[in-house]
Structures are given as structure tokens and as C-alpha cells.
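Asker: Sequence and predicted structure are below.
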Amino acid sequence: MTDLAEFLNHIPQVLAVSPNEAARLCSIGRTTLYAALSSGELKSVKIGTRRIITLEALRDWLKHNETSAGE
């Protein structure tokens, strides 16, 4: 899936995404996402050499970093 719109149409069926896909979904840079993974702030799953991030973990991380409009 190279087209983001196509990817977003399949989200209900997707359980986890790669770090690159997670960064695109959150509209953040890969460096920021990898920093969150390295610090343990964003949880991930490693199966073999593949690292994936569950959509639940991604939502939790975003909620944790949510700020009010005034901040």
C-alpha cells in the first residue's frame, strides 16, 4: 500500500503498522517517532527483526501527549 488514502481505508482491518507508517499516520517525522520508541514512551512489538506498533499503542501515546489549545 503506497497510497495513504488507500491505507486509511483499510485501518479497521489493520492491527499494527511499521514505524514509518505510524509516523505518516501521525503526521510526524520518523526521528520523533523513533525517539518515542527508544525512550519507551511509545510501546511496540518486535517479532524477529520486524518492529511494529499496534494502533492501540499509537492512540494511547497520542492521547498521553495531547495538550489543551492554550499550551
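Answerer: Thanks, I have the structure now.
Asker: contacting residues for W61?
Answerer: Contacts here follow C-beta atoms under 8 Å, 6 or more residues apart in numbering; on that basis W61 touches A36, E41, L42, K43. For the C-beta atoms, the positions are set from N, CA and C on the backbone; glycine is no exception.
Asker: Tell me the one of the residues you listed nearest N9?
Answerer: The closest of these to N9 turns out to be L42 (C-beta to C-beta; 24.4 Å).
Asker: Which residue is the nearest non-sequential neighbour of the closest one?
Answerer: Nearest residue to L42 in three dimensions, chain neighbours excluded: A36, at 3.8 Å (C-beta to C-beta, 6 or more residues apart in numbering).
Asker: so the one you found makes contact with I53?
Answerer: No: contact status for A36 versus I53: not in contact, 9.6 Å apart, counting by C-beta atoms under 8 Å.
Asker: which residues do these two both contact?
Answerer: Both A36 and I53 are contacted by L42, under the criterion C-beta under 8 Å, 6+ apart.
Asker: List buried residues within the contacts of W61.
Answerer: Among the contacts of W61, those buried by neighbour count (16 or more other C-beta atoms under 10 Å) are A36, L42.
Asker: Which members of the contacts of W61 occur in helices, if any?
Answerer: A36 (DSSP state H).
Asker: Dump the contacts of W61 into JSON lines; add distance to P19 as well.
Answerer: Formatted as JSON lines, those follow (distance: C-beta to C-beta, whole Å):
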{"residue": "A36", "distance to P19": "10"}
{"residue": "E41", "distance to P19": "13"}
{"residue": "L42", "distance to P19": "9"}
{"residue": "K43", "distance to P19": "12"}
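Asker: which one of the contacts of W61 is nearest F7?
Answerer: For these, the nearest to F7 is L42 (19.3 Å; C-beta to C-beta).
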